[in-house]
Each structure stands twice: as C-alpha cells, then as structure tokens.
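Asker: Mind folding the following:
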Amino acid sequence: MTPRRRNWLTLAFVAVMSLLNVGRAAALDAGDAAPEFTAPSVLGGKTVTFSLKDALAKHAVVLYFFPKAFTAG
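Answerer: Numbers count the residues shown, from 1 in each chain. Model prediction:
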C-alpha cells in the first residue's frame, strides 16, 4: 500500500469514527439538563458569544430546532 493511499484510508477511518461518536455524545434523555455551551451568534447586527449558563442566570431559555430552513418544518 502506498503512503498516499494509507493516509487517505486513515483519514476516512477517523472521519467515520468521529461521525459515529457524535450521535452518542449528543444524545440526551427526556428530562436531562442541557450541557453548558457557548456559541457565536448575532444580536442587533453584532456578533456576540451566547452562553447557556449566562442566559439561564437571567431568564428561561427555549431551544428550538427545525428540520430545514424555509420549510413548513
């Protein structure tokens, strides 16, 4: 096996393993507390960092996920 092919196979293996682990790490059962996180967001045209911990200290937070933008979702 050539080094180039071995590198591609290694990269593909790591990518597949990463994708398989994402679902396990992200799964929560009903009633579980959401893990703390920060994420970039835009508020009033300015980029800010959203922190779940900071937001929960001020008020209730509702996370809404939709299947695809611009659909009846």
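Asker: Leaving out sequence neighbours, find the closest residue to residue 48.
Answerer: residue 41 (5.8 Å; Cβ to Cβ, 6 or more residues apart in numbering). To be clear about C-beta, it is placed using only N, CA and C from the backbone, and glycine gets the same treatment.
Asker: In what element of secondary structure is that neighbour found?
Answerer: Using DSSP states H and E, residue 41 sits in strand 38-43.
Asker: Does the residue nearest to residue 48 touch residue 52 like I think?
Answerer: No - the criterion here is Cβ atoms under 8 Å, and residue 41 misses it with residue 52 at 11.4 Å.
Asker: neighbour-wise, which of those two wins?
Answerer: residue 52 (15 against 11; other Cβ atoms under 10 Å).
Asker: Let me see the contact set for the more buried one.
Answerer: Residue 52 is in contact with 34, 36-38, 61, counting by Cβ atoms under 8 Å, 6 or more residues apart in numbering.
Asker: beta partners of residue 46?
Answerer: residue 43 (DSSP bridges).
Asker: picking up where we left off before, which strands and helices lie in contact with the strand holding residue 41?
Answerer: Helices and strands touching strand 38-43, as assessed by 3 or more Cβ pairs under 8 Å, 6 or more residues apart in numbering; DSSP states H and E, comprise strand 46-51.
Asker: ok, residues contacting the strand it packs on?
Answerer: 36-42.
Asker: please redo it, this time with the cut-off set to 6 Å
Answerer: Residues outside strand 46-51 that contact it (Cβ atoms under 6 Å, 6 or more residues apart in numbering): 38-39, 41.
Asker: What is the nearest of these to residue 15?
Answerer: Residue 15 lies nearest to residue 39 out of the contacts of strand 46-51, by Cβ to Cβ, at 23.0 Å.
Asker: tell me the contacts of that closest one?
Answerer: residue 50.
Asker: For residue 54, see how far away it is.
Answerer: 12 Å (Cβ to Cβ, to the nearest Å).
Asker: low-scoring stretches of this structure, by residue?
Answerer: 19-26, 65-73 (pLDDT under 70).
Asker: before we move on, back to that, what angle separates the strand holding residue 41 from strand 46-51?
Answerer: Here the directions of strand 38-43 and strand 46-51 differ by 140 degrees (axes from the mean of the first three to the mean of the last three Cα atoms, to 10 degrees).
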